[in-house]
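Asker: structure here, sequence nowhere to be found:
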């Protein structure tokens, strides 16, 4: 089968073992291609030496932009060059960093999440610039090698630098794999926020035969746990399901069967929608703990606030592009985990996620249907055309 430019670039990226936070030369390869079509590429390295992250901010402004009377809008394509670890190599049907075609599929770590999307971004930009070099649209790419990792030195660092110098943009497409069966059947117009807590309920350790001389934190926490499980935190809205509170771990005791524990440690997480805020959830949860008279310590970690893009200019442009390329009426969704869209949404008013099917992401034998590659690139190019 003849390799299209999109597939060839996707394979070149898959062949680079860019396990987070390594970039393995992906950004240098992409920068060279982008520079050739008029992008100004800025490499932003961040993080400690042992976890160095490479970021790219690449931007192309039409040559005659200074002579225009109206501001030129900016569309950003955002994504990550890093991939998750391969897992046991012996379980792969072919080496994970050797792109391999089998049965109409392209196999390799990052094939779906999300090196094919990055290749499609770039080739779509190349085709658009070649056809319409002076179109009234600024195009940018924001890429990082720290999305699958802690995400402390990646997209968030670039966004803060752009904010500090007063540089914003109008629309953003994140290339996360969002489809279910076929590219274009689902896009994300928002994501839930995530906030974790580590609760330590304090008791008094003692001999299990003398409970009156001890205080069992597990017993004391049990009524509060029952109430927390039953709380309706909110009812969600048109785009989001209700906020969910889930316990992930409970640890207590020494391992001995004759000791009342002195503390119980509970890890929990909120996945919350735009109907709640981190502050409101924290306040309500702690009110229940206090109501039950618990002695406790509680540490919060906010992983990201929710974001939502109402149907507007960007969503309509994407829907029209998908319809024209595939005939599909795409579904808007906010399901799934977090993405770097949570950082971008603090600076950009309209953010959506659009990419290939996600059934194989993070799995052994990750792959993408070869028949999904060109439609994805064409959808991205059609979005550029619709917004110009």
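Answerer: It's in. Note that this is a predicted model, so its numbers are computed, not measured.

Asker: please, where are all the strands along the stretch 201-350 of the chain?
Answerer: When assigned using DSSP state E, counting those that start in this stretch, the strands of the stretch 201-350 of the chain occupy the ranges 206-207, 244-252, 259-260, 263-272, 296-304, 307-308, 331-333, 350-353.

Asker: between these, which one is closest to residue 19.
Answerer: When the strands of the stretch 201-350 of the chain are compared by Cβ to Cβ, strand 296-304 sits nearest residue 19, at 21.6 Å. C-beta: built from backbone N, CA, C; applies to glycine.

Asker: state the mean pLDDT of the closest one.
Answerer: If you average the pLDDT over strand 296-304, you get 96.

Asker: closest to the centroid, which residue in this protein?
Answerer: Averaging the C-alpha coordinates of the chain gives a centre point, and the residue nearest to it by Cα atoms, centre = their mean is residue 339 (1.4 Å).

Asker: show me what the host helix or strand of residue 375 is packed against.
Answerer: Take DSSP states H and E as the rule and residue 375 turns out to sit in helix 373-387. Under the contact criterion of 3 or more Cβ pairs under 8 Å, 6 or more residues apart in numbering; DSSP states H and E, helix 373-387 touches helix 5-14, strand 74-80, helix 116-131, strand 171-174, helix 313-326.

Asker: which residues sit against the fourth one?
Answerer: What that stands for is strand 171-174. Strand 171-174 is contacted by residues 73-79, 142, 188, 313-314, 317-318, 339-341, 344, 348, 350-355, 380, 383, 387 when judged by Cβ atoms under 8 Å, 6 or more residues apart in numbering.

Asker: list the neighbouring strands of that strand plus their orientation.
Answerer: Paired with strand 171-174 in the same sheet, following DSSP bridges, are strand 74-80 (parallel), strand 350-353 (parallel).

Asker: buried stuff in that strand?
Answerer: Taking 16 or more other Cβ atoms under 10 Å as the basis for neighbour counts, the residues of strand 171-174 that come out buried are 171-174.

Asker: in JSON lines: those residues, plus distance to residue 327.
Answerer: Formatted as JSON lines, the entries for the buried residues of strand 171-174 read as follows, by distance: Cβ to Cβ, whole Å:
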{"residue": "171", "distance to residue 327": "24"}
{"residue": "172", "distance to residue 327": "26"}
{"residue": "173", "distance to residue 327": "20"}
{"residue": "174", "distance to residue 327": "24"}
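
Asker: which one of those sits closest to residue 158?
Answerer: Using Cβ to Cβ, these come closest to residue 158 at residue 172, 12.0 Å.

Asker: state the distance from the closest one to residue 314.
Answerer: Counting by Cβ to Cβ, to the nearest Å, the separation of residue 172 from residue 314 is 8 Å.

Asker: need the overlap of contacts for these two.
Answerer: 350-352.

Asker: mind listing what residue 314 touches?
Answerer: Residue 314 neighbours (Cβ under 8 Å, 6+ apart): 171, 173, 350-352, 387.

Asker: change it to 7 Å
Answerer: Contacts were defined as Cβ atoms under 7 Å, 6 or more residues apart in numbering; by that measure residue 314 touches 171, 350, 352.

Asker: what's the answer for residue 45, then?
Answerer: Residue 45 sits in contact with 52-54, where contact means Cβ under 7 Å, 6+ apart.

Asker: got the phi/psi numbers for the spatially closest residue to residue 362 that is not a sequence neighbour?
Answerer: In space, and not counting its chain neighbours, residue 362 is closest to residue 84: 5.2 Å by Cβ to Cβ, 6 or more residues apart in numbering. The phi and psi torsions at residue 84 (degrees, to the nearest 10) take the values phi -80, psi 160.

Asker: ok, now how distant is residue 84 from residue 63?
Answerer: Distance from residue 84 to residue 63, counting by Cβ to Cβ: 40 Å.

Asker: which one's more surrounded, those two?
Answerer: Under the neighbour definition other Cβ atoms under 10 Å, residue 84 and residue 63 were set side by side, and residue 84 has more, 17 against 10.

Asker: state the pLDDT value of that one.
Answerer: In the predicted model, residue 84 carries a pLDDT score of 97.

Asker: contacting residues around it?
Answerer: In this structure, residue 84 makes contact with 20, 148, 362, judged by Cβ under 7 Å, 6+ apart.
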